[in-house]
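Enquirer: Fold the following and give me the result.
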Amino acid sequence: MAYFYLSALLPFLILMTACAPPTADNASSERLTEADERSALAEASGLYQPGVATELLDCRPSPDMTVHCGYQNPEDLVALPGGKVLIVSEMGEFLTDAPGRLSLLNLVSGKREILKITWSSSESKRGDVACPAPDIEAFSPHGIDLVTLDDGPLQLLVVNHGGRESIEFFEPKQSEGVWSLDWQGCALPPDDPFINDVAGLHDGGFLITHMWDKTTAFDEVARKLLAGESTGWVYEWQPDEGFTKVPGSDDLMPNGIAVSHDNTKLFVNIYFGGKTIKIDRATAMREGEFSVQQPDNITVDAEGNLWVASHKNDPIGQSCALVTAGPCLLPYEIIKADPSTMTSEVVHAQDGAPMGFATVALKVGDRLYLGSAHGDRVVSSAAR
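Expert: The predicted model follows:
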């Protein structure tokens, strides 16, 4: 497995087996415990742990990067039509299922804006009609994706960890230049998986990455990892069929996911496998891959190119737990790849100010916008 030594993960997983596998009643407390165990292991590693960079709290830019502050863990980004506004997924702290929110980044002003959500609608719903409305106060967004449906409207899909693992459906609407969201329904995947990211399809379906099953004892997860066995896969959801497992998608903790513009090719980041893979949706055959260290989210630009955020830190021995304000300055790289040949190049590398621990790279026009799973900012720079 490129760039990652599974033996480094084993102590973490052994620590976690001391807790009973989570149930629907105790999942949130178990995930909080996992976060605490994760922090303790990082502290015991002897490796550098980033702290509060007090000199960056005033949101100063760097010579080649603009800083957009005021966010809580802006883990994922999508661009609304017109290319002047981004939707930002402000994630709760990873492994805690803490509440988060959706917000906007106005690309003209460079400022954070509130995104109003209407949680009830008299219009027809999308998703599974049997799926109950979410706990609004617990809403905890993670991966997001925006798609224009074949029947016309926009659809925003959101991974939600708030009290359950679900995909929430929203319809973005614009009135007098102001964007808002209408909740349209939801879907609950089987067997209580830990979902990471979602990719919408033009026909109204979607694909999600299942990192691992939260009810599986972690000693079994450790055994599978050490044996090189898969721990997760990709699900596809369609209105008539519900959830089905995508053949050929089993691997070592799938993370980010995206589809080609024509919806024929599927791209999946395999975080602990150190690679990005391409799957043909018609044949379920893997058609290529490229190596990348700890790939997080993946996006597809207007020209069809792939953009991957790659973490360059030790995934177990280093954490952002000590960063209580400002950015977490763990190193990262941004990878650009050709989806036809699956050849890739590093187009940006960062180890220091003004932001670290990038989880997403989104190209909008001639600029690249980066978000992070820990910190208070989105940054932008000229795209290559």
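Enquirer: Can you dump the C-alpha atoms of stretch 314-324 in CSV for me?
Expert: Taking Å, rounded to 0.1, in the frame of the first residue of the first chain, the C-alpha atoms of stretch 314-324 are listed here in CSV:
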residue,chain,number,x,y,z
ASP,A,314,1.1,10.8,9.5
PRO,A,315,-2.6,9.8,9.6
ILE,A,316,-2.5,8.3,13.1
GLY,A,317,0.5,9.9,14.8
GLN,A,318,-0.5,13.5,14.0
SER,A,319,-3.8,15.3,14.6
CYS,A,320,-5.4,18.7,14.8
ALA,A,321,-6.7,18.2,18.3
LEU,A,322,-4.6,21.1,19.8
VAL,A,323,-5.8,23.6,17.2
THR,A,324,-8.7,25.4,19.0
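Enquirer: So for the protein, the centremost residue is which one?
Expert: Residue closest to the mean C-alpha point of the chain, counted by C-alpha atoms, centre = their mean, is Gly143 at 3.8 Å.
Enquirer: Could you report the pLDDT at that one?
Expert: Looking at Gly143, its pLDDT reads 98.
Enquirer: Pretty sure it sits against Ala258.
Expert: No. Using C-beta atoms under 8 Å, Gly143 makes no contact with Ala258, being 10.3 Å away. In this view, the C-beta of every residue, glycine as well, is placed from N, C-alpha and C.
Enquirer: Quick check: the spatially closest residue to Asn305 that is not a sequence neighbour vs Thr148, distance?
Expert: Distances taken as C-beta to C-beta, 6 or more residues apart in numbering put Lys336 closest to Asn305, at 5.9 Å, once the chain neighbours are dropped. For Lys336, the distance to Thr148 equals 24 Å [C-beta to C-beta, to the nearest Å].
Enquirer: Looking at these two, which has the bigger crowd around it?
Expert: Neighbour count, other C-beta atoms under 10 Å: between Lys336 and Thr148, Lys336 has more, with 20 against 12.
Enquirer: for the more buried one, what are its contacts?
Expert: Contact analysis of Lys336 by C-beta atoms under 8 Å, 6 or more residues apart in numbering lists Asn305, Leu306, Trp307, Val308, Ser344, Glu345, Val347, Arg384.
Enquirer: my guess is it is in a helix, correct?
Expert: No. Lys336 is assigned strand when assessed by DSSP: H, G, I helix; E, B strand; the rest coil, not a helix.
Enquirer: in the sheet, who's paired with it?
Expert: Trp307, Glu345 (DSSP bridges).
Enquirer: quick one: pLDDT of it?
Expert: Looking at Lys336, its pLDDT stands at 98.
Enquirer: Roughly how far does it sit from Gln350?
Expert: Lys336 sits 15 Å away from Gln350, taking C-beta to C-beta as the criterion.
Enquirer: follow-up on the earlier one: check the gap between the residue nearest to Asn305 and Val308 for me.
Expert: Between Lys336 and Val308 the computed distance is 8 Å (C-beta to C-beta).
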